[in-house]
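Engineer: mind looking at a prediction? Sequence and model below.
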Amino acid sequence: MNINDMISQRLAVAIEAARKGGEYLLAMDRTAAFTVQEKGENDFVTEADTRCEAIIIETIKERFPDDGIFAEESGIEHGEQGGRWIIDPIDGTVNFSRSIPGYTISIAWELEPYTPAVGVVYNPRQDELFFCGQGGGAFFNGQRITVSKVAEAKRALIVTVPPHRRRERFERYGEQASRLFLGTSDIRSYGSCALALSYIAAGRLDAYYEMSLGYYDMAAGLALVREAGGMGTPVDDEHPFTDTACDLVASNGLIHSQILHMVQQ
C-alpha cells in the first residue's frame, strides 16, 4: 500500500472516530453527570475523557489493529506497523467541565515522529470539523481552508497561553508575553490548543505560542496549520518536540520569524 492510500484510509477513520467521540461528549455535556479529578497541577480529567478516548481507540483498532497509539489518558501502545496515532479525547477538559463551548477532540496519525500526516480536530458544540491529509490540503466542514495573508506582526491576532501546569516557567513566559502583546495587534486564548491551531489553519488567527505542551495537545492542529500553508516549529533547535514537552510557535508562515524573534529574545 502506498503512502497516499495509507493517509486517505486513516483520515476517513479519524473523522469517523472524532464524530463518534463528539456524539458521546455532547450527550455527557447535556447531563453534566461526571466528576472532575486533578491528575497533576492544573491538569484535570473526567470519566468523559477516558470513555471518549476508548471510543476513539476502539474505532481505530477495528480497522488498524497493528497501528501504534499514543493517547493522553491511556498512554503508549506500541504497534507492529502502520505508524502511530496521537489522541487527545478532550483538548480543553476545563472548558468541557464548565460547559464552555471551546473543547475539541484531537486525532492525528504519523509515520515519522513529530511529522503528523493526518489531522482531525472536531469542535462538537459548534459542529466544526477541521481535517487534513498530507499533500491534500486542509478543510473545514468540507471546504478548503488556508492561513491568513497578514504579513506584519503588528497587525496579527494571536494566541499565547501561560504555562499553567509549569508555573516555575512563568517569569520567562511573562517577558515573552509582554513582547508579544506590544508587538502584535491583540491576543486571545481559547483553552484548547487544537482549536486555536485549527483557527490559524482557517485564517481566523495568525499565530500561536505556548510552552510545555503535550504532543497530543498539538499534533492534529500542527498538521492542519502546515497543510493550510502555515508553519509550526519548536521555539529553538535546542528544544525539539517530544511526547511530553513541546514549546510551540505556529503561524501563517508570513510572520513566523517575527513571532519567533519576540519569543527568543
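Structural biologist: Noted; the coordinates are in hand.
Engineer: which helix is the longest one in the chain?
Structural biologist: In the chain, with assignment by DSSP state H, the single longest helix is helix 3-31.
Engineer: so where's the stretch 51-200 of the chain shaky on pLDDT?
Structural biologist: The stretch 51-200 of the chain contains no residues with pLDDT under 70.
Engineer: run the last query once more with 90
Structural biologist: The stretch 51-200 of the chain contains residues with pLDDT under 90 at 72-82, 94, 97-99, 101, 162-173.
Engineer: tell me where it has strands.
Structural biologist: 68-71, 75-77, 84-91, 104-110, 118-123, 128-133, 138-140, 143-145, 157-161, 186-188 (DSSP state E, counting those that start in this stretch).
Engineer: JSON lines for those, including mean neighbour count and distance to residue 231?
Structural biologist: Where you see a C-beta, it was placed from the backbone N, CA and C, and this is true even at glycine. Shown next, in JSON lines, are those (neighbours: other C-beta atoms under 10 Å; distance: least, C-beta to C-beta, whole Å):
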{"stretch": "strand 68-71", "mean neighbour count": "20", "distance to residue 231": "23"}
{"stretch": "strand 75-77", "mean neighbour count": "11", "distance to residue 231": "28"}
{"stretch": "strand 84-91", "mean neighbour count": "28", "distance to residue 231": "19"}
{"stretch": "strand 104-110", "mean neighbour count": "31", "distance to residue 231": "17"}
{"stretch": "strand 118-123", "mean neighbour count": "30", "distance to residue 231": "15"}
{"stretch": "strand 128-133", "mean neighbour count": "24", "distance to residue 231": "15"}
{"stretch": "strand 138-140", "mean neighbour count": "21", "distance to residue 231": "13"}
{"stretch": "strand 143-145", "mean neighbour count": "14", "distance to residue 231": "16"}
{"stretch": "strand 157-161", "mean neighbour count": "22", "distance to residue 231": "14"}
{"stretch": "strand 186-188", "mean neighbour count": "13", "distance to residue 231": "19"}
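Engineer: list the buried residues of the longest helix of the chain.
Structural biologist: If you call a residue buried by 16 or more other C-beta atoms under 10 Å, then helix 3-31 has these buried ones: 6-7, 9-11, 13-22, 24-25, 28-29.
Engineer: can you report phi and psi for residue 116?
Structural biologist: phi -60, psi 130 (degrees, to the nearest 10).
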